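> what follows is a predicted structure for the sequence shown.
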Amino acid sequence: MNKRAVIFLLAGTLFMPGANAVEKVYPRSEQHIQTLSLGEKMTFKVSYLGIKVGEAVVEVKEIVKVNERDAFHIILTARSGSVLRWLYPVNDTHHSYVDVKKLHSLKYEKEISEGRYQTHKMMEYDQDEHIGRFYSFKDKTRKEMFIPKNVQDQLSCAFWFRLQEVKQNSKIAIPVNADEKNWDLEAITHGIQEMKIDHIGIFQAMEVEPIIMFEGLFVRRGKIRGWMSMDERRIPLVMKVKIPVLGDVTATLTGYESGKIS
């Protein structure tokens with residue numbers, strides 16, 4: 001290869017899109033978000049053994065009225081990718097409605113289709129009277145139950161946690177209603193490490209270990225570890241679920257839109 005060819009090859013490499021891209025660095029901040037960001041949207045790649053098997057998207061879509069209260073409408077969708085769809089199709093949608101002022105859940109609805117398992121349920125939360133009203137769209141059953149003060153649902157609990165003052169090696173208890181039962185979810189925080197998320201940035205990330213006894217958003221059981229950015233947005237970056245026999249399923253942030261404070 002002559003000198004001209006070498007120069008041409010080097011120039012092509014240097015100007016190749018993304019070849020010299022510099023990841024933005026997000027430093028740790030003592031300040032953090034105090035409320036949800038309207039329009040915030042996060043996209044996650046779900047992978048197993050390094051292979052993408054699905055995608056999840058969560059968005060603070062709009063503000064709506066729920067029993068005459070303003071509520072953030074959060075939507076999470078999880079879909080299996082082409083690799084998994086023929087073997088174990090997943091098509092899940094979760095809706096959470098969070099009181100704009102008090103930041104507790106007012107309503108939660110989930111429609112799950114995973115393989116042969118299907119369900120469609122809704123819970124309405126009367127936070128003043130501490131009553132949860134359950135309804136099954138599948139078999140038309142209804143039920144009322146007691147709920148603790150400021151209870152969260154399966155999705156809103158993660159957003160509520162992001163708004164808290166968190167410290168390393170500590171524990172936060174969150175009252176959660178799920179599977180027609182009340183639970184005390186414990187979120188245990190660990191150390192902070194530098195974490196690079198491709199095409200998004202470099203973060204100082206805190207490891208969080210939620211102790212979850214109820215059905216999760218991605219899998220029904222397993223030990224979970226997550227990493228949350230420590231800049232002011234407190235973004236979920238990575239989540240790993242250790243499933244018995246199968247091993248780790250990982251959800252990694254691939255896209256982020258910040259939205260705005262209403």
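Now that the structure is in, tell me what you want to look at.
> so what sits opposite residue 123 in the bridge?
residue 108, residue 134 (DSSP bridges).
> measure it to residue 93 for me?
15 Å (CB to CB, to the nearest Å). C-beta coordinates here come from the backbone N, C-alpha and C atoms, glycine included.
> how about residue 75?
7 Å.
> ok, how many other residues are close to the nearest residue to residue 211 once chain neighbours are set aside?
What sits nearest to residue 211 in space, not counting adjacent residues and going by CB to CB, 6 or more residues apart in numbering, is residue 186, at 4.4 Å. Counted with other CB atoms under 10 Å, the neighbours of residue 186 add up to 14.
> quick check, residue 42 in contact with residue 252.
No - under the criterion of CB atoms under 8 Å, residue 42 makes no contact with residue 252, lying 10.9 Å away.
> of those two, which one has the most company?
Higher neighbour count among residue 42 and residue 252: residue 42, with 21 against 18, using other CB under 10 Å.
> so that one, which state does it fall into?
strand (DSSP: H, G, I helix; E, B strand; the rest coil).
> checking residue 159 next. Helix, strand or coil?
helix.
> which residues touch it?
By CB atoms under 8 Å, 6 or more residues apart in numbering, residue 159 lies in contact with 36, 60, 74, 96, 98.
> what about residue 37, neighbour count?
Count around residue 37 with other CB under 10 Å applied: 17.
> who's it bridged to?
Applying DSSP bridges, one finds that residue 37 bridges with residue 261.
> just checking, it touches residue 259?
Yes - the pair residue 37 and residue 259 qualifies as a contact (CB under 8 Å) at a distance of 3.7 Å.
> if we can go back for a sec, can you tell me how far the residue nearest to residue 211 is from residue 161?
Counting by CB to CB - residue 186 and residue 161 are separated by 11 Å.
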